[in-house]
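J.: Predicted model and sequence below, questions to follow.
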Amino acid sequence: MIIDDTDQRFSIGPSTIPGAGRGLFARTPLGAGDRLAVPGVLLRRGSVSDRCTSFADEYKFRIGDFVLLPCGLAAMVNHSPSPNTIKVVEGEDVFLELIQDVKAGDEICVAYSDYALERWGIGAGVGEDGKG
């Protein structure tokens, strides 16, 4: 399997969120309902493959009994208590869907799950189940 995320609508740069490192930004204006595919490897939660990739736990998306290890731009999306995307799961496909319009240069954010917020010491959980 070859994954080469080339979605030109987005770019990576220094996050506007203190302590977050790098983040994902819109390169062009985008509308509510626009989606970013989250390509990656689907692993059974708690499996040997999941445990062997524990170095990337903070980037994984929980999908029922599975976790998705993202291998593209979506791995750069940071937590915000006021997110502009939600996680959408359709079968084995995962997307981040914009819930509001964004301007070019806006940072793309999702609300991490309560589990992820607690595990990574980010703070109180908010809203939809995000990464983690």
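T.: Received it, and whenever you're ready, just let me know what you need.
J.: ends of stretch 39-59, how far apart?
T.: Taking C-alpha to C-alpha, to the nearest Å as the measure, stretch 39-59 stretches 12 Å from start to finish.
J.: so how far is it off the chain centroid?
T.: Put simply, stretch 39-59 sits 14 Å off its chain's centre (C-alpha atoms, centre = their mean, to the nearest Å).
J.: Kindly report the same for stretch 5-24.
T.: Counting by C-alpha atoms, centre = their mean, stretch 5-24 is centred 11 Å from the centre of its parent chain.
J.: Settle this for me: D50 is touching L42, isn't it.
T.: No. D50 lies out of contact with L42 (C-beta atoms under 8 Å); the separation is 10.3 Å. Where you see a C-beta, it was placed from the backbone N, CA and C, and this is true even at glycine.
J.: which residues are common contacts for these two?
T.: Common neighbours of D50 and L42, counting by C-beta atoms under 8 Å, 6 or more residues apart in numbering, are V67.
J.: residues in contact with the helix or strand containing L68?
T.: When elements are assigned from DSSP states H and E, L68 belongs to strand 66-70. By C-beta under 8 Å, 6+ apart, the residues outside strand 66-70 that reach it are 38-45, 50, 53, 56, 59-61, 94.
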